[in-house]
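J.: Would you be able to build a 3D model of this:
(one chain, ligands or ions: 1)
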Amino acid sequence: MPKQYALLGGRPLLAHAVAAFEACPAIDIITVVIHPDDRGLYEAALPAGSSRLTPPVPGGATRQESVRLGLEALAAARPDRVLIHDAARPFVTLEVVARVLAALGTHDGAIAAEPLADTLKRDGGGGVIGATVARAGLWKAQTPQGFRFGAIHDAHTRAAAEGRDDFTDDAAIAEWAGLSVALVAGSARNFKITTAEDMAMAEQLLKPATPAFEPRTGTGFDVHAFCAGDHVWLAGVRIPHDQGLEGHSDADAPLHALTDALLGAIGDGDIGQHFPPSDPAWKGAPSRLFAEDAARRIAARGGRIVNVDLTILCEAPRIGPHRDAMREAVAAMLGIDATRVGIKATTTERLGFTGRKEGLAALATATVLLPA
Ligand code: MG
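T.: Okay, the predicted model is just below:
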């Protein structure tokens, strides 16, 4: 298969190149010159077409002749400027196209090019260096190569009339015709795909950068009933109150919801699975142990906690005066900065069990980054 129809990221190279020019508002007409036998491949490569894409033009025996035939097909539309591009350069960018077009404001022609970085050697025969060629002032020509349409059309017509068919690019024909052709910065990405190795490099460039971490979100919810007592534990803070909270541990509902949110974010069960209420070891235990355990499980997976957010639903006690202490306490047990901890409270407008002060509820959300 001709390389311009070879698939790159599932799309023919030609389709990539055409899409690059379709993305450029300054381009009015796009014409592809194809081998006369490749009509089927062309139609498969550009099935939808676009309003700016004209029917393909059958090319000639050489690259030079194909370009001349393409220019002749465009002549009826009387374009002001023309860009000639190689379909095997799929990574041409809007910036490169814009630089070539801009240089046509002051020159007959302009080509994208890159200064040569490698030292040049001339083979002296038998694979042995004969000479080192000075590289100063040498550039590698890329495409697009842009020209004032009339000037390059005339140059191609004259070259054909004089039997010249040895030019390797359009700038060479322009130089031969005495036109002034500017060198503008191309791009290393705008390389020509010629070999299988080039194609493999192009496939690598197309791959989206794999993120090192992926975000995970978990949620938690918990309820505890009020009972006789003189304090409650909420988000790791002991708050004097005219009631206590009933529970096997210290009944810190916000920390239980938080623990479930952290475990949920990494898909590692729930608090009841890791700390069963039937286990006497957790009788009266401080609930920070549960949150700390969840944080350790995240660390063991190579993850880190981005933020946690807690909402406490109750009529009393008032949470506001303790908010900062709660943020500091939660931050310390999770090993994160307090700016990553949200504590909020709301009443439920005296509705439901929280409104009747039979108990309180807590909601939690946690965002965790895990290695992808
Ligand atoms: Mg609980």
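
J.: Go ahead and report the secondary structure state at Gly302.
T.: With DSSP: H, G, I helix; E, B strand; the rest coil as the basis, Gly302 sits in coil.

J.: Ala19 now?
T.: Counting by three-state DSSP, the backbone at Ala19 sits in helix.

J.: Now stretch 155-171: buried residues?
T.: Neighbour-count burial for stretch 155-171 flags 155-156, 159-160, 167, 169-171 (criterion: 16 or more other C-beta atoms under 10 Å). Backbone N, C-alpha and C define where each C-beta goes, glycine included.

J.: now swap in stretch 174-190 and tell me
T.: Quick answer for stretch 174-190 (16+ other C-beta under 10 Å): 174, 177, 179, 181-184, 186-187, 190.

J.: Tell me the one of the residues you listed nearest Ala257?
T.: Among those, Ser187 lies closest to Ala257 (C-beta to C-beta), at 52.3 Å.

J.: isn't that closest one right up against Ala113?
T.: No: applying C-beta atoms under 8 Å as the test, Ser187 and Ala113 come out as separate, 10.2 Å apart.

J.: remind me, longest strand of the protein?
T.: Criterion DSSP state E: the longest strand present in the chain is strand 213-227.

J.: which residues touch that one?
T.: 243-247, 251, 253-254, 256-267, 303-304, 306, 353, 357-372 (C-beta atoms under 8 Å, 6 or more residues apart in numbering).

J.: From those residues, list the ones also adjacent to the ion.
T.: Subset of these in contact with the ion: His256, counting by C-beta under 5 Å from the ion.

J.: Which ones among the contacts of strand 213-227 lie within strands?
T.: 244-245, 304, 306, 359-371.

J.: From the buried residues of stretch 155-171, pick the one nearest the ion.
T.: Asp169 (74.9 Å; C-beta to the ion).

J.: Need phi/psi at the closest one.
T.: Main-chain dihedrals, Asp169, degrees, to the nearest 10: phi -150, psi 170.

J.: now it: how far from Ile111?
T.: Applying C-beta to C-beta, to the nearest Å, the value for Asp169 to Ile111 is 8 Å.

J.: Next: Val67.
T.: Going from Val67 to Ile111 by C-beta to C-beta gives 14 Å.

J.: So between the two, which is more surrounded?
T.: Each of Val67 and Ile111 has its neighbours counted (other C-beta atoms under 10 Å); Ile111 has more, 26 against 22.

J.: Report the separation between that one and Leu104.
T.: According to C-beta to C-beta, Ile111 and Leu104 sit 11 Å apart.

J.: what do the two both touch?
T.: Here Ile111 and Leu104 have Gly146 as joint contacts, going by C-beta under 8 Å, 6+ apart.

J.: OK, contacts around Gly229?
T.: For Gly229, the contact set (C-beta under 8 Å, 6+ apart) comprises 241, 243-245.

J.: In TSV: those residues, plus pLDDT and neighbour count.
T.: Listed next are the contacts of Gly229 as TSV, based on pLDDT from 0 to 100; neighbours: other C-beta atoms under 10 Å:
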residue	pLDDT	neighbour count
His241	97	17
Gln243	97	18
Gly244	97	18
Leu245	97	22
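
J.: between those residues, which is nearest the ion?
T.: Distance to the ion, by C-beta to the ion, is smallest for Leu245 among these, at 9.1 Å.

J.: wait, the closest one sits on Trp233?
T.: Yes: with contact defined as C-beta under 8 Å, Leu245 reaches Trp233; the gap is 7.3 Å.

J.: overlap in contacts of the two?
T.: Jointly contacting Leu245 and Trp233 under the rule C-beta under 8 Å, 6+ apart are 251-252.

J.: Do you know the pLDDT at the closest residue to the ion within the stretch 151-300 of the chain?
T.: The ion sits closest to His256 of the stretch 151-300 of the chain, with a gap of 3.5 Å, by C-beta to the ion. Listed pLDDT for His256 reads 98.

J.: How about Asp118?
T.: Asp118 is given a pLDDT of 92.

J.: Report the contact partners of it.
T.: By C-beta under 8 Å, 6+ apart, the residues touching Asp118 are Arg135.

J.: which SS class is it?
T.: The local conformation at Asp118, judged by three-state DSSP, is coil.

J.: how about the residues of the stretch 101-250 of the chain that lie near the ion?
T.: Asp222.

J.: where do the helices sit along the stretch 101-250 of the chain?
T.: In the stretch 101-250 of the chain, the helices defined using DSSP state H, counting those that start in this stretch lie at 149-161, 170-176, 196-206.
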